[in-house]
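Colleague: sequence? don't have it. structure:
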């Protein structure tokens, strides 16, 4: 397994990139830049590409609804060029609160949109005139939907690679099946290695059965809070706010993908309670209600022996990239945690 990190979009990104170079030396091989309704990820990825030399960089993720497929392909090709072939295009559907609330775009047919985006991106990167039947993105646009003057065009520049890796964020069964079929990588959230086969096994098997061998083995990237030592148990609580936010507040009460996932893990009652608290403005109580069993299952927090057992569980579940979030309070302590993890993996 390789080590990755997700860079925080809420702080001083220039300072974050300075720190990333230390983490690269410590063993981090890939850095993901997220995009919610924050500053855009693309400009930051360009800066990250310019300030690093070996580190792989990835969007984590760009929503498929907010840019046209051709623009996503152009952006990925540009970032891959700037980085010398180090970019991975991370895509996802996001959710209706962001897509409809912030962007004003209908949150419709995310599966078919994702498939068409992937197909069009790869056509652009191959340097072909872009022609696609749709139905979401017919190219060129049919005359009855526009002026009738559109014609097939191909990218003016020659991409560094004709196949830029695509990683899809997915947690629903149909979306995971699509990912296993089409993408180089899969980015689930709150990955429970002991429940993965039960929750996603059938979807992965169905998708992999249709997978093109040229895609290679599916790269499974999971995010995990990290703290290694004999006195780090208290740091586990630092992972509570994110789980409470996602399970409790990332979506409406009746349409929250993360609460559904917690339910599929066996925490349906607890997820509903977290939602009740969070949506009532009781965020601290919602954080306290996050089940400790779930926290421990998705984390790398504990003694060296405990971490070794958890690494075995992730490996048995097929994980190939650990995108860690060091929980320690200082930069030096966070670096040390990554170094210890690197040594354990080697």
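Modeller: Sure thing, it's come through. Note that the structure is predicted; figures quoted are calculated from it, not measured.

Colleague: what comes into contact with stretch 40-53?
Modeller: Outside stretch 40-53, the residues that touch it by CB atoms under 8 Å, 6 or more residues apart in numbering are 7, 9, 13-14, 17, 20-21, 24, 31, 33-35, 55, 57, 59-60, 62, 75, 78-79, 82-83, 86-87. Where C-beta positions appear, they are placed from N, C-alpha and C, glycine not excepted.

Colleague: which of these are buried?
Modeller: Burial by neighbour count, judged by 16 or more other CB atoms under 10 Å, picks out 7, 9, 13, 17, 20, 24, 31, 33-35, 55, 57, 59-60, 62, 75, 78-79, 82-83, 86-87 from those.

Colleague: which ones among those residues are found in strands?
Modeller: Counting by DSSP state E, the part of those found in strands is 31, 33, 57, 59, 62, 87.

Colleague: And those, which is closest to residue 306?
Modeller: Nearest to residue 306 among these, counting by CB to CB, is residue 31 at 26.3 Å.

Colleague: Go ahead and confirm that closest one touches residue 4.
Modeller: Yes - in this structure, residue 31 is within contact of residue 4 by CB atoms under 8 Å, at 6.7 Å.

Colleague: Overlap of the contact sets of those two?
Modeller: With contacts taken as CB under 8 Å, 6+ apart, residue 31 and residue 4 have residue 58 as neighbours in common.

Colleague: My guess is residue 310 contacts residue 298. True?
Modeller: No - in this structure, residue 310 is not within contact of residue 298 by CB under 8 Å, at 9.5 Å.

Colleague: which residues of the stretch 201-346 of the chain fall in helices?
Modeller: Taking DSSP state H, counting those that start in this stretch as the criterion, the stretch 201-346 of the chain carries its helices at 240-244, 257-262, 268-279, 283-288, 292-297, 304-316, 331-345.

Colleague: and for the first one, what are the contacting residues?
Modeller: Residues external to helix 240-244 that are found in contact with it (CB under 8 Å, 6+ apart): 190, 274, 278, 283, 286, 287, 288, 289, 290, 294, 295.

Colleague: neighbours around the second one, how many?
Modeller: The one in question is residue 274. Residue 274 has 30 neighbouring residues, counting by other CB atoms under 10 Å.

Colleague: got the contact list for the nearest residue to it once chain neighbours are set aside?
Modeller: Among residues not flanking residue 274 along the chain, residue 248 sits closest, at 4.4 Å (CB to CB, 6 or more residues apart in numbering). Residues in contact with residue 248 (CB under 8 Å, 6+ apart) are 259, 274, 275, 277, 278, 279, 283, 286.

Colleague: Could you do residue 267 as well?
Modeller: Residue 267 sits in contact with 291, 294, where contact means CB under 8 Å, 6+ apart.

Colleague: That one and residue 192: what is the separation?
Modeller: Separation of residue 267 from residue 192 (CB to CB, to the nearest Å) stands at 10 Å.

Colleague: what is in contact with these two at once?
Modeller: residue 294.

Colleague: picking that back up, report the two of the contacts of residue 248 separated the most.
Modeller: 259 and 283 (15.3 Å).

Colleague: Looking at these two, which one has more neighbours?
Modeller: residue 259 (26 against 15).

Colleague: what's the pLDDT at that one?
Modeller: Confidence at residue 259, expressed as pLDDT, is 97.
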